[in-house]
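In: sequence unknown, structure follows:
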């Protein structure tokens, strides 16, 4: 069966038509097609650039639950996921053509007692970090995830996990394997070493300053701020009363986060949408992250692009082009008008199959 869709595309808003043949897009007319969508907006499948399919509200999940979480993302129109660190191996999900495509970053790399228990591979001798990074690069899908900072209970505050020197070696080891590196970073102190070592992306980035923004621009470092998860910082601080310095720091980072990320946006740092689904954020909320990005300086079109065509380009995945996989979402109303529209696609197509 040949399917046909007609509507308007973004970011230019021009009329578009697609024919779906054998699970692929054709921009050339094909006879005998059944029109399944006509008159609205047709976009590449949405992207959540920070989404943990292997993590649910209570921590690591089994594969059956991971499938349920992936289905929740598909219902929200998310058809491409970058999973930057999973405590379980979700590669079996690749055998399911009905689930979003996943780009994995392997396991988080941290030190013992310096991240959420059970999530990371512990690398306590930092001399072993480059080899651990290379291994995760080989196991992942072109990304590696470092924990850049976390609470150090000995000092009672956020602190970097790694020396600047070993970060240079570790990031170079990933690049030698053809992988990019990202890092979880809340505070200020870990950022100079990571960015100057050539890291490719920063997650959260609530501690960025003007000099870090300049360094990110110089190195081409992207930012995935996970704004809807940053909104959990006050609650994290409330639960950490025994570490008052850390709690105060988290509140201060929350209070200044929008201003700091707005400065990065204005300067031209590439910003992409990631919900940080898993744990404190429910799956299927990328629409909320898109509209949070409009609050830090992105236009409604650019914020949507950060979860769609621009994010796909950044991750090396096709959009709506001839012979590309037919992974797309359709909306009767303009999806830039509000999260209530974006979170409820009128048609979701994955691999040419309509959901």
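Out: Looks like it came in fine. Note that this is a predicted model, so its numbers are computed, not measured.

In: going forward, measure contacts between C-alpha atoms and count neighbours the same way
Out: Noted.

In: which one's the longest helix in the protein?
Out: Taking DSSP state H as the criterion, the chain has its longest helix at helix 244-267.

In: Let me see the ranges of the strands in the stretch 101-250 of the chain.
Out: Per DSSP state E, counting those that start in this stretch, the stretch 101-250 of the chain carries strands over the ranges 101-104, 108-110, 120-122, 143-147, 149-152, 157-160, 180-185, 201-204, 222-224.

In: Tabulate those in JSON lines, adding columns for mean neighbour count.
Out: Formatted as JSON lines, those follow (neighbours: other C-alpha atoms under 10 Å):
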{"stretch": "strand 101-104", "mean neighbour count": "22"}
{"stretch": "strand 108-110", "mean neighbour count": "24"}
{"stretch": "strand 120-122", "mean neighbour count": "20"}
{"stretch": "strand 143-147", "mean neighbour count": "28"}
{"stretch": "strand 149-152", "mean neighbour count": "21"}
{"stretch": "strand 157-160", "mean neighbour count": "22"}
{"stretch": "strand 180-185", "mean neighbour count": "25"}
{"stretch": "strand 201-204", "mean neighbour count": "26"}
{"stretch": "strand 222-224", "mean neighbour count": "23"}
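
In: Name the residues of the longest strand seen in the chain that are buried.
Out: The strand spanning the most residues in the chain, taking DSSP state E as the definition, is strand 34-44. By 16 or more other C-alpha atoms under 10 Å, the buried positions in strand 34-44 come out as 37-38, 40-44.

In: Show me what that strand is packed against.
Out: Counting contacts by 3 or more C-alpha pairs under 8 Å, 6 or more residues apart in numbering; DSSP states H and E, strand 34-44 is packed against strand 3-8, strand 328-331.

In: what's the most buried one of those strands?
Out: Most buried of the helices and strands packed on strand 34-44 by mean neighbour count (mean count of other C-alpha atoms under 10 Å) is strand 328-331; its value is a mean of 26.

In: List the buried residues in the next helix-or-strand element following that one.
Out: Under the assignment DSSP states H and E, the closest C-terminal helix or strand after strand 328-331 is helix 339-342. Neighbour-count burial for helix 339-342, counted by 16+ other C-alpha under 10 Å, picks out 339, 341-342.

In: try stretch 50-61
Out: Quick answer for stretch 50-61 (16+ other C-alpha under 10 Å): 50-56, 60-61.

In: taking the residues you listed one by one, which sit in helices?
Out: Going by DSSP H, the helices hold none of these.

In: ok, so of those residues, who is nearest residue 354?
Out: Nearest to residue 354, judged by C-alpha to C-alpha, of the buried residues of stretch 50-61 is residue 53 at 22.1 Å.

In: Excluding covalently adjacent residues, which one is nearest to the closest one?
Out: residue 66 (5.6 Å; C-alpha to C-alpha, 6 or more residues apart in numbering).

In: Check the secondary structure at the one you found for me.
Out: Three-state assignment for residue 66 (DSSP: H, G, I helix; E, B strand; the rest coil): helix.

In: likewise the one 4 residues further on?
Out: Classification of residue 70 into helix, strand or coil gives helix, according to three-state DSSP.

In: Please report the distance of it from residue 92.
Out: Applying C-alpha to C-alpha, to the nearest Å, the value for residue 70 to residue 92 is 12 Å.

In: Looking at those two, which is more packed in?
Out: More neighbours surround residue 70 than the other of residue 70 and residue 92, with 27 against 9 (other C-alpha atoms under 10 Å).

In: List the residues that contact the more buried one.
Out: 53, 99-100 (C-alpha atoms under 8 Å, 6 or more residues apart in numbering).

In: can you put the buried residues of strand 34-44 in JSON lines and add pLDDT?
Out: Formatted as JSON lines, these follow (pLDDT from 0 to 100):
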{"residue": "37", "pLDDT": "98"}
{"residue": "38", "pLDDT": "97"}
{"residue": "40", "pLDDT": "97"}
{"residue": "41", "pLDDT": "98"}
{"residue": "42", "pLDDT": "98"}
{"residue": "43", "pLDDT": "98"}
{"residue": "44", "pLDDT": "98"}
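
In: Just give me the closest of those to residue 297.
Out: With C-alpha to C-alpha as the yardstick, the closest approach to residue 297 among those comes from residue 43, at 22.4 Å.

In: Could you give the separation between the terminal residues of stretch 345-355?
Out: Using C-alpha to C-alpha, one end of stretch 345-355 lies 10 Å from the other.

In: Flag every buried residue along it.
Out: 345-352.

In: Please apply the same query to stretch 280-287.
Out: Result for stretch 280-287 [16+ other C-alpha under 10 Å]: buried residues 281-287.
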